[in-house]
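> Mind folding the following:
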Amino acid sequence: MPLDEEGVQRAMAAIVTTWLAPELRRRIEEDRLPDGFKLKAYQLVTDAEGIVREVRLNEEVRAAVRVRRPREIAKDDIVIGDPSAAGPFEILLTDADPNAGHITAIQTGNGWMTSIDLRSNARRAAEHAKAARQFLDAAAAALAQNNMRPFVQNLLDATELMAKAYLLTKPEGYTAGKTHRAVAGPFNLERAAGNVAEPFSKLLNDLSDLRGSARYLEGDFALQSAQANRMMATAELMYRTLHDVVPKRHAVDS
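Model prediction:
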């Protein structure tokens, strides 16, 4: 749930007290701040469990600011601190921090631009989403030929990969299991908590139920074309939704 203004202020006060102030004191004691030091930016980098592992100051901060422009911006314009250029923004980690979460604040001419995004495993989640796309395409090809058994198996593989991609981004951490239950269990808990759309968890559960008869010939197997097409449509929607779930990274030159 997004924080209101009061919630953001409380969170930032806690960040300053818990991590930023101690880091500044430590660097002062160790004589690691330059003369005339002024804090212009800071960044807390978190691991897959949401634990802060590194505090960066000023030029140590690695991030990119993406702004939705309310006016035309020329190639060489400086927009940070220019109220006529600053629309809604997001601060992205770079691909130098592929699987971290972050809290980043950058001083502008109008105050502090702050972003809190503790989602982790961006690269790992993106790899799962990319693999899911291949299985989705295989499922679509099987469906076009009315081959329902390989359709079920490929669509289940795609849906599990997408569910795992979602779970990997959770700030509290997720150890990617190698069994079907290790994916379905946590994913259904996310549905129960209201964090996952019901059609997506239902799709995973329905495909899991069909897998025994479709793949291992355990009992009678039957899947009508209309139902299969609905499943395919739900999986495609799940894939598009995943685009907003997986954290983005800004590519930097190596």
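> Please make it C-alpha for all contacts and neighbour counts, starting now.
Will do.
> In stretch 231-243, which residues are buried?
Residues 231-232, 234-236, 238-239, 242 are the ones in stretch 231-243 that count as buried (16 or more other Cα atoms under 10 Å).
> Equivalent analysis for stretch 200-214, please.
200-201, 203-205, 207-208, 210-211, 213-214.
> picking that back up, closest to residue 12 out of the buried residues of stretch 231-243?
Lowest distance from residue 12 to these (Cα to Cα) belongs to residue 242, with 28.6 Å.
> Would you double-check that that closest one falls in a helix?
Yes - applying DSSP: H, G, I helix; E, B strand; the rest coil, one finds residue 242 inside a helix.
> ok, now which ones touch it?
129, 162, 165-166 (Cα atoms under 8 Å, 6 or more residues apart in numbering).
> and what of residue 218?
residue 212.
> Quick check: it is in a strand.
No - the assignment for residue 218 (three-state DSSP) gives coil, which keeps it out of a strand.
> Keeping just the C-alphas, turn stretch 211-227 into PDB.
The C-alpha trace of stretch 211-227 is given here as PDB (Å, rounded to 0.1, in the frame of the first residue of the first chain):
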ATOM      1  CA  ARG A 211      -1.300 -31.900 -15.000                       C
ATOM      2  CA  GLY A 212      -1.800 -35.400 -13.600                       C
ATOM      3  CA  SER A 213      -4.200 -36.500 -16.300                       C
ATOM      4  CA  ALA A 214      -2.700 -34.500 -19.100                       C
ATOM      5  CA  ARG A 215       1.000 -35.300 -18.600                       C
ATOM      6  CA  TYR A 216       1.000 -38.600 -16.700                       C
ATOM      7  CA  LEU A 217      -2.300 -40.100 -17.900                       C
ATOM      8  CA  GLU A 218      -3.600 -40.300 -14.400                       C
ATOM      9  CA  GLY A 219      -7.400 -40.700 -15.000                       C
ATOM     10  CA  ASP A 220      -9.500 -39.200 -17.800                       C
ATOM     11  CA  PHE A 221      -8.300 -36.000 -19.400                       C
ATOM     12  CA  ALA A 222     -10.700 -33.500 -21.000                       C
ATOM     13  CA  LEU A 223     -10.200 -29.900 -21.800                       C
ATOM     14  CA  GLN A 224     -12.600 -28.000 -24.000                       C
ATOM     15  CA  SER A 225     -11.300 -25.500 -26.500                       C
ATOM     16  CA  ALA A 226     -13.300 -22.600 -25.000                       C
ATOM     17  CA  GLN A 227     -11.800 -23.200 -21.600                       C
END
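> quick one: buried residues of it?
For stretch 211-227, by 16+ other Cα under 10 Å, it's 211, 213-214.
> can you give me how far that stretch is from the chain middle?
Distance, stretch centre to chain centre, for stretch 211-227: 34 Å (Cα atoms, centre = their mean, to the nearest Å).
> likewise stretch 149-166?
19 Å.
> how far away is residue 210 from residue 114?
47 Å (Cα to Cα, to the nearest Å).
> quick one: low-confidence ranges for the protein?
1-4, 68-88, 172-177, 253-254 (pLDDT under 70).
> Helices along that one, start to end?
Along the chain, the stretches classed as helices by DSSP state H are 5-15, 21-29, 122-144, 148-168, 180-192, 198-215, 225-245.
> residues near the nearest residue to residue 105 once chain neighbours are set aside, how many?
Spatial nearest neighbour of residue 105, chain neighbours left out: residue 114 (4.2 Å); criterion: Cα to Cα, 6 or more residues apart in numbering. Residue 114 is flanked by 18 other residues according to other Cα atoms under 10 Å.
> and residue 114, what does it touch?
So residue 114 contacts 91, 103-106 (Cα under 8 Å, 6+ apart).
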